[in-house]
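*Asks:* Fold the stuff below for me.
(chains A and B)
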Amino acid sequence: MSERGERTRDHVTLLSIDDLVVEHRSPGRPAVRAVAGASLEVAPGEVVGLVGESGCGKSTLARAVCGLNPITEGSITFEGRPVTPLGLRRRKLTGIQMVFQDPYTSLNPRRRAGDQIADGLRTARDTSTTPADLLERVGLPRDFAGRHPHEFSGGQRQRVAIARALAARPRLLIGDEPISALDASAQSQVARLMRDLAVDSGAGLLFISHDLSVVRVIADRIAVMYLGKIVEVGRTEEVWAEPRHPYTQALLKAIPRPDGMGVLPAELPGDVPDPANPPEGCRFHPRCPFVMDVCRVKEPDFGPVACWLHEPK
Amino acid sequence: MMALDIAGLTVTIGGKEILRGVDLRLEPGRVHGLAGESGSGKTMTGLAVLGLLPHGARTSGTIRLGERDLLTLPPKELNRVRGGEVAMVFQDPATSLHPMLTIGKQLTEHMRHHLGLGKAEARAQAVELLTKVRIPGAEEAYRRFPHQFSGGMRQRIAIAIALACSPKVLIADEPTTALDVTVQAGVLRLLRGLCDELGLAVLLVTHDLGVMSAVADEVSVMKDGLVVESGPRGRVLREPAHAYTRSLLESLPEAEAR
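*Replies:* Okay, here's the model as predicted:
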């Protein structure tokens, strides 16, 4: 990208991830590239859904954005400044807030919901809002502020966690599988709530989920991740109606539809390869139904669809 | 011919009524889906069939397997049924398999106990089973440990273990909830195929109506310990008669997007 292009882009992008590589190292084993060169952008007020199978690196990417995982290569910039790993006392990055997967472990069981939300308010130096106001915004009764997490159901806990994240007035909200621990009936409610609250406050939302059908309802753009790389990015309607990458197509075909017709979903053969030892060439080629010779030797490192079938002219 | 007939089943734990008169009938070669939110009593129904309810649970009603009532069966007899005629597949294959025993050991232990097979015979059958659930390299897989397999493979192994003693009834409690959609598709195809091929009566407990629609022949919907609606898949999912079933269907993201 030219320098001018970069400068104009800074006005609109809130978060910009460039060729990010994150490695997990453990002694006696080869380093695992959980994220192997991923690029993604989130604009203010935009909802980006990041989908992929377990082990594809979605969560690692989210954690790196929050500064919870050190970056090996590439860069993450938030509002034009690079994101650095969080220290114990240094908390400058309060503009990014995260809602974690499991509300049973992400809330402190020994502190009242209101106190935990007040932590967020203090970070934002907000003295006019009370925790009860925030509880109201996430659709919970005001008097829940005095209760402990064990008194809530899973869906209520996740709402408390969202209230806590919102209290810090984030410009970017990240949800790392925030709905997968919830009941089916609560899932789309909570997802919608996150979208509405983020968009209303003008913040960006990076919503990570393995459930494409929920992401479809709330996201403006969808990014599909496979084995540490983002293989397709596009407007939600377009990706849903006309998926271009063979992996996206397989993901969509595998969703069983509740239409009562008894149609078995299509199966994607093979397993996700070991990220410590990814296949040569295109990472998807061993499982791809349209594999060509070029796929086995050369990695397609272009966007928005990283597939040799969709090479930009 | 009924494989399993649950009639008027109630379960009370610590003075709280968990199930309040559940009626379900399973037929050979058919998948009966049991839907409902968490806490509606789906899992308890499955556990009651196997006599695996928590301590202090009190039951009434009947669970008929052929001529026997599983609820009043003495423990020794029940042990013969459990894992033999009635088998179960649990939600999370990461915790339902023993981490320190090889796949082979876990596949043959109950086979030798229930069917009285010799070591070599049991081994041959186990390898055959692993091939049947499409584990690549069944011979090597026999010697490996659960952590060496992916989630989908582990669930296939758990299904193989459940099928080892040729059960008549298979209870699958959220068998694909812990899996990715692409892997789920494979496990669902496997379950459906086995049900058709072996004439298994399957009770499929799931909250996912999409999964239900894909494999179940009959669908029952549970709420607060009661079956509120039961019928053929097409009717229940397309023309739900009960308001609760309708609300479940409407809460799906598909319904919102439409």
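
*Asks:* contacting residues for the closest residue to B:M88 other than its chain neighbours?
*Replies:* In space, and not counting its chain neighbours, B:M88 is closest to B:I171: 4.5 Å by CB to CB, 6 or more residues apart in numbering or on different chains. The way it works is simple: take the backbone N, C-alpha and C, and place the C-beta from them, glycine included. Going by CB atoms under 8 Å, 6 or more residues apart in numbering or on different chains, B:I171 touches B:G46, B:V49, B:L50, B:V86, B:A87, B:M88, B:V89, B:V202, B:L203, B:V205.

*Asks:* Now these in TSV, please, with extra columns for secondary structure.
*Replies:* What follows is the contacts of B:I171, written out as TSV (DSSP: H, G, I helix; E, B strand; the rest coil):
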residue	secondary structure
B:G46	helix
B:V49	helix
B:L50	coil
B:V86	strand
B:A87	strand
B:M88	strand
B:V89	strand
B:V202	strand
B:L203	strand
B:V205	strand
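
*Asks:* Relative to chain A, which of those residues is nearest.
*Replies:* B:V205 (13.2 Å; CB to the nearest CB).

*Asks:* any idea how far B:G118 is from the closest one?
*Replies:* From B:V205 over to B:G118 the distance is 35 Å, taken as CB to CB, to the nearest Å.

*Asks:* more crowded one of those two?
*Replies:* Using other CB atoms under 10 Å in any protein chain shown as the criterion, B:V205 and B:G118 rank with B:V205 on top: 25 against 9.

*Asks:* you'd agree the more buried one is up against B:L47?
*Replies:* No - in this structure, B:V205 is not within contact of B:L47 by CB atoms under 8 Å, at 9.9 Å.

*Asks:* centroid residue for the chain?
*Replies:* Picking chain A for this. The residue lying closest to the centre of chain A (CA atoms, centre = their mean) is A:I208, at 2.9 Å.

*Asks:* my bad, the chain I had in mind was chain B
*Replies:* When chain B is reduced to its mean C-alpha position, the closest residue under CA atoms, centre = their mean turns out to be B:A172, at 1.6 Å.

*Asks:* hey, what's that one bridged with?
*Replies:* Beta-bridge pairing of B:A172 under DSSP bridges involves B:V89, B:L204.

*Asks:* Show the model's pLDDT score for it.
*Replies:* You'll see B:A172 listed with a pLDDT of 94.

*Asks:* would you say B:S220 is within a helix?
*Replies:* No - per three-state DSSP, B:S220 lies outside any helix segment and is strand.

*Asks:* so it makes contact with B:L226?
*Replies:* No - if you go by CB under 8 Å, B:S220 and B:L226 don't touch, sitting 10.3 Å apart.

*Asks:* So those two - more neighbours on which side?
*Replies:* Counted by other CB under 10 Å, B:S220 and B:L226 do not tie: B:S220 has more neighbours, with 24 against 16.

*Asks:* what about the strands in the chain?
*Replies:* Reading this off chain A. For chain A, strands defined by DSSP state E occupy the ranges A:15-24, A:32-42, A:47-51, A:73-78, A:81-82, A:96-99, A:172-176, A:204-209, A:221-226, A:229-235.

*Asks:* that's the wrong chain, I wanted chain B
*Replies:* Using DSSP E, the strands assigned to chain B run over residues B:4-13, B:16-26, B:31-35, B:57-65, B:68-69, B:86-89, B:169-173, B:201-205, B:218-223, B:226-232.

*Asks:* Which parts of the stretch 151-300 of chain A are helices?
*Replies:* Taking DSSP state H, counting those that start in this stretch as the test, the helices found in the stretch 151-300 of chain A are A:154-167, A:184-200, A:212-218, A:236-241, A:246-253, A:293-297.

*Asks:* Packed most tightly, which of these would that be?
*Replies:* Most buried of the helices of the stretch 151-300 of chain A by mean neighbour count (mean count of other CB atoms under 10 Å in any protein chain shown) is helix A:154-167; its value is a mean of 25.

*Asks:* packing partners for that helix?
*Replies:* Secondary-structure packing of helix A:154-167 (3 or more CB pairs under 8 Å, 6 or more residues apart in numbering or on different chains; DSSP states H and E): strand A:96-99, helix A:103-106, helix A:113-123, helix A:131-137, helix A:184-200.

*Asks:* average pLDDT for the last one?
*Replies:* It refers to helix A:184-200. On average, helix A:184-200 scores 88.

*Asks:* So which residues on the stretch 51-200 of chain A come close to chain B?
*Replies:* Contact residues (CB under 8 Å from any CB of the partner chain) of the stretch 51-200 of chain A with chain B: A:E53, A:S54, A:D183, A:A184, A:S185, A:Q187, A:S188, A:Q189, A:A191.

*Asks:* run the last query once more with 7 Å
*Replies:* When proximity is defined by CB under 7 Å from any CB of the partner chain, the stretch 51-200 of chain A lies next to chain B at A:E53, A:S54, A:D183, A:A184, A:S185, A:S188.

*Asks:* Can you tell me which of those is closest to A:L173?
*Replies:* A:S188 (17.6 Å; CB to CB).

*Asks:* right, and that closest one touches A:R216 too?
*Replies:* No - the criterion here is CB atoms under 7 Å, and A:S188 misses it with A:R216 at 10.4 Å.

*Asks:* What's the local residue count around B:R80?
*Replies:* B:R80 has 12 neighbours, counted by other CB under 10 Å.

*Asks:* From chain A, how far out is it?
*Replies:* Taking CB to the nearest CB, to the nearest Å as the measure, B:R80 falls 34 Å from chain A.

*Asks:* Please work out how many residues are found near the residue in chain B positioned nearest to chain A.
*Replies:* In chain B, the residue found nearest to chain A is B:L237; the distance is 3.2 Å by CB to the nearest CB. Residues within reach of B:L237, counting by other CB under 10 Å, total 27.

*Asks:* Please apply the same query to A:L86.
*Replies:* Neighbour tally, A:L86, other CB under 10 Å: 14.

*Asks:* what residues are up against the residue lying closest to it once chain neighbours are set aside?
*Replies:* If the residues on either side of it in the chain are set aside, A:L86 comes closest to A:G67, at 4.1 Å by CB to CB, 6+ apart. Neighbouring residues of A:G67 by CB atoms under 7 Å, 6 or more residues apart in numbering or on different chains: A:V83, A:T84, A:P85, A:L86, A:L93.

*Asks:* right, and the fourth one touches A:L68 too?
*Replies:* Yes - between A:L86 and A:L68 there is a contact at 6.4 Å, judged by CB under 7 Å.

*Asks:* Not including adjacent chain positions, what is the nearest residue to whichever residue of the stretch 201-313 of chain A sits closest to chain B?
*Replies:* In the stretch 201-313 of chain A, no residue comes nearer to chain B than A:G260, which is 3.2 Å away by CB to the nearest CB. Once flanking residues are discounted, A:G260 sits nearest to B:L237: 3.2 Å by CB to CB, 6+ apart.

*Asks:* State the pLDDT value of the one you found.
*Replies:* pLDDT for B:L237: 92.

*Asks:* With A:H11 instead?
*Replies:* pLDDT, A:H11: 53.

*Asks:* how about the top helix by length along chain B: buried residues?
*Replies:* The helix that spans the most residues within chain B, counting by DSSP state H, is helix B:181-198. Of the residues in helix B:181-198, B:181-192, B:194-195 count as buried by neighbour count, 16 or more other CB atoms under 10 Å in any protein chain shown.
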